[in-house]
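1. A structural model of the following input is requested.
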Amino acid sequence: MVSISTLLRYVGCRMEYAARVGMKSYERGAKDVDIMKNFFQGKLTFLHFNKGEEMAPTIGSQGGTLLVRKIPVPDAKRVFVGDLVVLKDPANSDDYLVRRLAAIEGYEMVSTDDKDEPFVLEDDQCWVLADNENIKPKQEAHDSRTFGPVSMTDIVGRVIYCLRNAVDHGPSV
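-> Down below sits the predicted model:
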């Protein structure tokens with residue numbers, strides 16, 4: 001049996017999600033926005049199948065299945081530095097990447113290379129990095145060191161659970 005407070009918190013999350021998805025649709029020019037449809041049929045989570053070695057050892061070198069919590073309007077209050085996030089690939093918007101959020105708006109970015117100038121992330125920007133330290137940063141990592149700052153609106157969701165294989169699974173770290 002679920003407690004009343006848990007049920008109310010769940011209903012509140014569903015209503016907020018439905019309202020934000022409706023607002024996004026309205027801002028894109030949709031004339032008929034049905035918030036109740038989003039409330040009853042909208043999904044708050046989805047499964048993402050990750051491949052590649054960029055996030056090893058966090059996800060595993062063979063990849064893994066991730067449970068992702070959708071974030072309709074990402075901002076600094078919903079995603080935090082250190083979170084694993086799923087975002088649209090800046091090079092190909094049909095693909096998705098899983099990366100660790102390293103910095104958000106207002107952070108100063110300083111390179112270890114003396115040739116690069118330090119800069120501050122502007123509003124609605126974030127910096128994402130791959131976890132694997134064994135790959136070359138600018139050639140193989142395919143993260144912000146390659147394509148620069150990412151817009152917060154490109155973040156689709158936050159990883160909340162990782163299934164690496166049948167015996168190795170748990171909350172994302």
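2. how about the strands in the protein?
-> Using DSSP state E, the strands of the chain run over 45-50, 64-70, 84-88, 96-104, 108-109, 119-120, 125-129, 150-151, 155-163, 169-170.
3. in JSON lines, list those along with mean pLDDT.
-> Output for these, formatted as JSON lines (pLDDT from 0 to 100):
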{"stretch": "strand 45-50", "mean pLDDT": "89"}
{"stretch": "strand 64-70", "mean pLDDT": "90"}
{"stretch": "strand 84-88", "mean pLDDT": "94"}
{"stretch": "strand 96-104", "mean pLDDT": "94"}
{"stretch": "strand 108-109", "mean pLDDT": "91"}
{"stretch": "strand 119-120", "mean pLDDT": "92"}
{"stretch": "strand 125-129", "mean pLDDT": "94"}
{"stretch": "strand 150-151", "mean pLDDT": "94"}
{"stretch": "strand 155-163", "mean pLDDT": "91"}
{"stretch": "strand 169-170", "mean pLDDT": "74"}
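4. mind saving the C-alpha coords of stretch 38-53 as CSV?
-> The C-alpha coordinates for stretch 38-53 follow below in CSV (Å, rounded to 0.1, in the frame of the first residue of the first chain):
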residue,chain,number,x,y,z
ASN,A,38,-0.1,14.0,-21.3
PHE,A,39,-1.1,13.4,-17.6
PHE,A,40,-2.6,9.9,-18.3
GLN,A,41,-0.5,8.7,-21.2
GLY,A,42,2.8,10.5,-20.8
LYS,A,43,5.7,8.4,-19.6
LEU,A,44,8.0,9.8,-16.9
THR,A,45,10.7,7.2,-17.5
PHE,A,46,12.1,5.3,-20.5
LEU,A,47,14.8,2.6,-21.2
HIS,A,48,18.0,3.6,-23.1
PHE,A,49,20.4,1.0,-24.4
ASN,A,50,23.9,2.4,-24.3
LYS,A,51,26.8,1.1,-26.4
GLY,A,52,30.5,2.1,-26.4
GLU,A,53,33.4,2.4,-24.1
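5. contacts for that stretch, please.
-> Contact with stretch 38-53 is made by 13-15, 17-18, 21-22, 59, 61, 63-70, 86, 96, 98, 132, 135, 157, 159-160, as judged by Cβ atoms under 8 Å, 6 or more residues apart in numbering. To be clear about C-beta, it is placed using only N, CA and C from the backbone, and glycine gets the same treatment.
6. out of these, which end up buried?
-> 17-18, 21-22, 59, 63-64, 66-70, 86, 96, 98, 132, 135, 157, 159 (16 or more other Cβ atoms under 10 Å).
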